[in-house]
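> quick check, what structure comes out for this input:
(chains A and B)
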Amino acid sequence: DIQMTQSPSSLSASVGARVTIYCRASQGIGIWLAWYHQRPGKAPRLLITSASVLQSGVPSRFIGSGSGTAFTLTISSLQPEDSGTYFCQHTSTFPYTFGQGTKLEI
Amino acid sequence: QVQLQESGPGLVKPSQALSLTCTVSGSSISNTDYYWNWIRQVPGKGLEWIGYIHHSGSTYYNPSLKSRVSMSSDTSKNTFSLKLNSLTVADTAVYFCGRGNKIAPGWIDPWGQGTLVTVSS
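Presented below is the predicted three-dimensional model:
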């Protein structure tokens, strides 16, 4: 299985700050990467696919980049509603796997 | 608006089987553009993709669960289901259903709200 490793595991930042979350794949996955945001007690929400394609309705402050084994999710100007846990996921080969999550506190 | 809703028992005894159903509204499970997924999350932990089913009948299961899992669908009710056999306490988790697409069956959007399944005697 391809292992997805996120860093940091948690971070705290202020409203308006810029933060970056990292996701590394144990082998190359091209751009078969998605990012999700999950608030406590809620289902994850799909933010980005193909490593950098913003889903409809997702604010433009979310920026995804990377290819191969190294990926980033940057939030350019944090808002209070951005708190929660962020997960990366690969869909390059079976089985699909997720990163362990990055908990973001605003 | 596409909505998915999981249903099933909240408590199951060890060694028993779990059956969950996902009811879909706003989208037809017969639409060949979509794949219908199950994912689970141990409370406070990460996400594990269980597998998917497609209208064509094709399925793919995570090898970690393959010997115990099966999926089916009912087009007349617009539902799809998960069955997981031989449960242990390690199967205690929130189970989500979700829709994937033909470009990437595992990109889940939207998700159901999730249902907590506790395995305990």
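> what residues does chain B put near chain A?
Residues of chain B lying near chain A by Cβ under 8 Å from any Cβ of the partner chain: B:46-49, B:60, B:62-64, B:96, B:98, B:104-114. C-betas here are computed from N, CA, C, even on glycine.
> from these, which land in strands?
Using DSSP state E, the members of the residues of chain B next to chain A that fall in strands are B:47-49, B:60, B:96, B:98.
> just give me the closest of those residues to A:W35.
B:L47 (12.4 Å; Cβ to Cβ).
> okay, and the residue nearest to A:I29 when sequence neighbours are not counted sits in which element?
With Cβ to Cβ, 6 or more residues apart in numbering or on different chains as the criterion, A:I29 has its nearest non-adjacent residue at 3.7 Å, and that residue is A:S92. Following DSSP states H and E, one finds A:S92 outside all helices and strands.
> what segments of chain B are helices?
With DSSP state H as the definition, chain B shows no helices.
> tell me the spacing between the residue nearest the centre of it and B:Y61.
Computing the C-alpha centroid of chain B and ranking residues by Cα atoms, centre = their mean puts B:W38 first, at 2.7 Å. From B:W38 across to B:Y61, the span is 9 Å (Cβ to Cβ, to the nearest Å).
> any shared contact partners between those two?
Residues touching both B:W38 and B:Y61 (Cβ atoms under 8 Å, 6 or more residues apart in numbering or on different chains) are B:50-51, B:71.
> JSON lines for those, including pLDDT?
JSON lines is the format used below for the shared contacts of B:W38 and B:Y61 (pLDDT from 0 to 100):
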{"residue": "B:I50", "pLDDT": "97"}
{"residue": "B:G51", "pLDDT": "97"}
{"residue": "B:M71", "pLDDT": "97"}
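> chain A: which of those residues is nearest?
The shortest approach to chain A among those belongs to B:G51, at 8.2 Å (Cβ to the nearest Cβ).
> wait, doesn't the closest one sit right on B:T59?
Yes: shown here, B:G51 and B:T59 form a contact pair, counting by Cβ atoms under 8 Å, at 6.3 Å.
> what do these two both touch?
B:M71.
> neighbour count: those two, which is higher?
It is B:G51, of B:G51 and B:T59, that has more neighbours when counted by other Cβ atoms under 10 Å in any protein chain shown, with 25 against 16.
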